[in-house]
Structure formats: C-alpha cells, structure tokens
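Visitor: Okay, predicted coordinates and the sequence, questions at the end:
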Amino acid sequence: MRTFFMAAAGFPTFLFTVPLLAAAGFWLLVAVGAAGPRTFDEDADLGALGLGGVPVAVAVSLWTALAWSGSLGAAVLLEPLASRGLARALTGLAVLAAAPALSWCAARTLLRLPRRLRPDEPGPPPPRFAGPRRTVRPERADGGPRRGDRPDTAHRAHGRTAARGRTA
C-alpha cells in the first residue's frame with residue numbers, strides 16, 4: 001500500500017492525481033444533484049479530438065482516469081529500473097509525455113464502441129417482402145430498342161419491316 005501512495009504522490013503521477021481528484025469531486029456533485037453531467041458541453045467541443053458523442057465531462061474524466069492509471073502503472077513498473085538521479089527524471093518525463101497520448105488513444109477507442117453498437121441515426125428499414133410479386137419491364141420513352149435487344153430484331157420491329165406492313 002505504501003508503494004501505491006508513494007507512486008500516486010510522486011512525479012509524474014501527481015500531475016494526473018490532482019485532475020483525477022477534481023473529476024471525482026465533480027461526479028460526486030452530479031450524484032448529489034448539485035451539477036449536471038452536461039455542465040461543460042457548451043464550453044468545449046471534443047469532436048475534433050475524436051472524443052465527441054458523449055458529454056464533455058465523461059470524455060475528460062475517462063481520459064484523466066486512463067492517464068492516471070497508465071502513469072501510476074508505469075511509475076510502479078519502472079521504479080526498480082530507475083530509482084535515482086537522471087534516469088528517474090528521464091523516465092518520469094517519458095511517462096509524462098506518453099501517458100496522455102496513450103490514454104487519449106484508449107479513451108477514443110472506448111468511446112467509439114458504444115457509437116458503433118448504437119448509432120444515432122437508424123439505418124434504412126429492412127426490405128419488406130409482403131404483397132404480390134410484380135415483373136418490371138423497362139421501356140424506352142422514344143420507342144427505340146431496349147437494352148439487351150439484338151439490333152436485327154429491333155430493326156425488324158421498329159424499322160422497315162413495320163413500315164412495309166403498313167404500306168402493303
């Protein structure tokens with residue numbers, strides 16, 4: 001337990017601990033009814049970041065929680081490798097840079113799943129096979145040969161043969 005608290009209060013995880021506590025406080029206010037989950041929707045649009053489709057508070061809270069978790073996990077795993085000096089500072093900076101980027105990718109992926117499972121706009125209705133069957137025969141408006149007709153048959157039906165029949 002001591003390792004957990006030391007990692008959560010140490011660099012770089014502490015930089016994500018503070019926003020995580022703020023998000024937890026916000027969701028407590030939502031649970032009590034003092035705030036709404038869509039309180040910040042007018043202030044920011046996260047659609048350009050790929051985090052749209054959900055309230056801003058949900059997206060930012062998820063992003064923060066994932067960054068904190070990733071930073072905490074990296075701090076605990078890298079502690080034995082870089083416990084002092086320059087190596088610790090460099091690993092801390094690497095974790096500080098990687099945690100938000102990787103958590104953004106994870107949050108974006110997690111927020112896309114519900115949109116794929118439940119799209120906002122329903123697709124076209126399934127075809128209905130009720131009622132009588134009908135045959136559709138395409139006709140040309142100018143009386144010319146239909147598509148698929150052989151030229152010699154069309155010529156006989158619409159050309160000289162038909163004209164000879166009228167004159168004879």
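Guide: Cool, the structure landed. Numbers count the residues shown, from 1 in each chain.
Visitor: in the longest helix along the chain, what's buried?
Guide: Identified as the longest helix of the chain according to DSSP state H is helix 85-117. By 16 or more other Cβ atoms under 10 Å, the buried positions in helix 85-117 come out as 88, 91-92, 95-96, 99-100, 102-104, 106-108, 111. All C-beta atoms are positioned from the backbone trio N, CA, C, and that covers glycine.
Visitor: The strand or helix carrying Leu28 packs against which elements?
Guide: Assigning secondary structure by DSSP states H and E places Leu28 in helix 14-32. With contacts taken as 3 or more Cβ pairs under 8 Å, 6 or more residues apart in numbering; DSSP states H and E, helix 14-32 sits against helix 2-9, helix 56-78.
Visitor: that older thread, as CSV, the buried residues of helix 85-117 with pLDDT and distance to Ala9 would be great.
Guide: Below are the buried residues of helix 85-117 laid out as CSV (pLDDT from 0 to 100; distance: Cβ to Cβ, whole Å):
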residue, pLDDT, distance to Ala9
Arg88, 79, 15
Thr91, 83, 17
Gly92, 81, 13
Val95, 86, 15
Leu96, 85, 15
Ala99, 88, 16
Pro100, 87, 19
Leu102, 90, 22
Ser103, 89, 20
Trp104, 88, 24
Ala106, 89, 24
Ala107, 86, 24
Arg108, 87, 29
Leu111, 82, 29
